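J.: Model the following, please.
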Amino acid sequence: MIITKPNVIERALTQKSQHSLSTVISFFCLGLCTAAWAPLIPYAQQRLSLNHADFGGLLLCGGLGSMIAMPATGYLIQKLGCRSMIAAFLLVLMFTLPLMTLAPSAAMLAILLFIFGSAAGGLGVVINYQAVVVEKKLTQNLMSSFHGMCSLGGLGGVMAVTLLLSVGVPPFLSAVLMGFILLILVCVAVPHSLKKTEILDLNTQNTDESSHSVNMANKWMMPPPLILVFGLMCFIAFLTEGSAMEWSGIYLVDQFKIDAAYSGLAYTFFAIAMTMGRFSGHWVLTFLGEKKTIIYGSILAAIGLSIVIAAPIWTVALLGYFLMGLGCANIVPTIFSQVGRQNVMPKAVALSYVSTMAYSGVLIGPAFIGLGSEILSLTAVFTVLAVAVILIPLLNMFTRSKRLA
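T.: Residues are numbered from 1 along each chain as shown. Just a heads-up that it's a prediction; the model follows:
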């Protein structure tokens, strides 16, 4: 027994670190594949000769796919585990990205965006659930770091594709190269993801909490108000991120007439700042606390968006996108951690609801930005978004004071 006990402890610690590594890589992959699409968007719009409203309608297909996939994913996690679902979603993303650059018609691109959005949304739910489990096992606040890896992946994706396009590599080949990178990462991440039995073991360790959560889930036909407010805050934050991902390139091309090959620079600056902010998130939360982190982050994001709107030249707009990324960095990770600590719903189901609302901001939201910009202008829509960002700390104060359930 004296010999085997250290081995058991060592295996347990190794397993936890493997789960953590898998989660880190999975977040990186999600950011990589979704951000790699951003520099390709102006090419798709120009190739299919679509105006803002028509292209916004296409982007809506990706959001609809995610809206359908995310609620179902929350329930399927309990039945299938994280491992098989992470593998399936990543493979779908890997193959869909290059195909979107070849879509011969708007209808085909709409179908591919629906599939892409479904896989991205489902993957977001699974890896956020796995992140909550890993946080609980390691008893550490890791959510900001996990989301930081998503931002780092996004930074890598947008910078790599922007660089490839700027040196003359065709969009399709650029997407294929990103697919190969994704395949390598999948082979590393998937074997160490949570299996179904490991999720069941976690649930049996929290029998009282699980039974209470199940009773609450049965009681509510709709998610409790607390969950809805969490989701609304994440929706606004992710809508801001979605505006940077989907429309920053088009905004630079339309507003400042820069070459499409350099349109990815705006999101690159946004992603750099978000990555910096998220990797320093643990220090920020320790120093400021959750409440002030959300307040100051929202104000900074609104200031950044205001600079983008008022920028006289495109280089000043890049500064605005940098401040937007810095402000948005720790809002969503902080809220997701709060969702992981609540007991009004089963955590997997609650995360699926919040993720559905959150990722609809980054997937469906940009479609409505396109429709709104056709009626008004991108500048006017961005102004409305800047006002919406200021609502986030007000909503957070309301949940803290009222203790909704």
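
J.: Who are the contact partners of the closest residue to Ser66 other than its chain neighbours?
T.: Residue nearest to Ser66 in three dimensions, not counting chain neighbours: Gly121, with 2.7 Å by Cβ to Cβ, 6 or more residues apart in numbering. Where you see a C-beta, it was placed from the backbone N, CA and C, and this is true even at glycine. Contact analysis of Gly121 by Cβ atoms under 8 Å, 6 or more residues apart in numbering lists Gly65, Ser66, Met67, Ala69, Met70, Thr73, Ser355, Thr356, Tyr359, Leu363.

J.: Check which helix or strand the fifth one maps to.
T.: Here Met70 sits within helix 52-100, counting by DSSP states H and E.

J.: Helices of the stretch 201-350 of the chain, start to end?
T.: Here the stretch 201-350 of the chain has its helices, by DSSP state H, counting those that start in this stretch, at 207-219, 225-242, 248-256, 265-279, 281-310, 314-328, 331-341, 347-363.

J.: Could you list the low-confidence segments of this structure?
T.: Counting by pLDDT under 70, the chain has low-confidence residues at 1-16, 139, 196-221, 363, 399-405.

J.: hmm, back to that, return the distance of the residue nearest to Ser66 relative to Met70.
T.: Gly121 sits at a distance of 4 Å from Met70 (criterion: Cβ to Cβ, to the nearest Å).

J.: Quick check: neighbours shared by the two?
T.: What both Gly121 and Met70 touch, as defined by Cβ under 8 Å, 6+ apart, is the set Ser355, Thr356, Tyr359.

J.: which one of those is nearest Gly340?
T.: Gly340 has its nearest neighbour among these in Ser355, at 11.8 Å by Cβ to Cβ.

J.: check contacts around that closest one.
T.: Met70, Gly74, Gly121, Gly124, Val125, Asn128, Cys234.

J.: surely Ser306 meets Val387?
T.: No: counting by Cβ atoms under 8 Å, Ser306 stays clear of Val387, with 10.1 Å between them.

J.: Just want to know which of the two has more residues nearby.
T.: Ser306 (17 against 10; other Cβ atoms under 10 Å).

J.: separation between the more buried one and Ile236?
T.: 16 Å.

J.: Then Ile294?
T.: 11 Å.

J.: Show me whatever sits in contact with both of these two.
T.: Joint contacts of Ile294 and Ile236 (Cβ under 8 Å, 6+ apart) are Ile392.

J.: hmm, back to that, what residues sit buried inside the helix or strand containing the residue nearest to Ser66?
T.: If you go by DSSP H and E, Gly121 is part of helix 106-138. Buried residues in helix 106-138, counted by 16 or more other Cβ atoms under 10 Å: 106, 109-135, 137.

J.: before we move on, the earlier item: farthest-separated two in the contacts of Ser355?
T.: Gly74 and Cys234 (14.8 Å).

J.: If you rank the contacts of Gly121 by neighbours, which is first?
T.: Leu363 (32 neighbours).

J.: contacting residues for Thr315?
T.: Residues near Thr315 by Cβ under 8 Å, 6+ apart: none.

J.: Ok, Ala350 next?
T.: Applying Cβ under 8 Å, 6+ apart, the residues near Ala350 are Pro223, Ile227, Val339, Gln342, Val344.

J.: run the last query once more with 10 Å
T.: For Ala350, the contact set (Cβ atoms under 10 Å, 6 or more residues apart in numbering) comprises 74, 129, 132, 213, 216-217, 223-224, 226-227, 230-231, 339-340, 342-344.

J.: now do Leu64
T.: Ala110, Leu113, Phe114, Gly117, Ser118, Gly121, Ser360, Leu363, Ile364, Ala367.

J.: what about the fifth one, distance to Ile25?
T.: It refers to Ser118. Distance, Ser118 to Ile25, using Cβ to Cβ: 21 Å.

J.: Kindly report the same for the third one.
T.: Phe114 is 26 Å from Ile25, where distance means Cβ to Cβ.

J.: Likewise for the second one?
T.: Taking Cβ to Cβ as the criterion, Leu113 is separated from Ile25 by 25 Å.

J.: With adjacent residues omitted, what lies nearest to Ala189?
T.: Ile25 (3.8 Å).

J.: What of Phe398?
T.: For Phe398, the spatially nearest residue (Cβ to Cβ, 6+ apart) is Val229, at 6.9 Å.

J.: That neighbour reaches Asn396, doesn't it?
T.: Yes: using Cβ atoms under 10 Å, Val229 is in contact with Asn396, at 8.4 Å.

J.: Alright, I will stop here.
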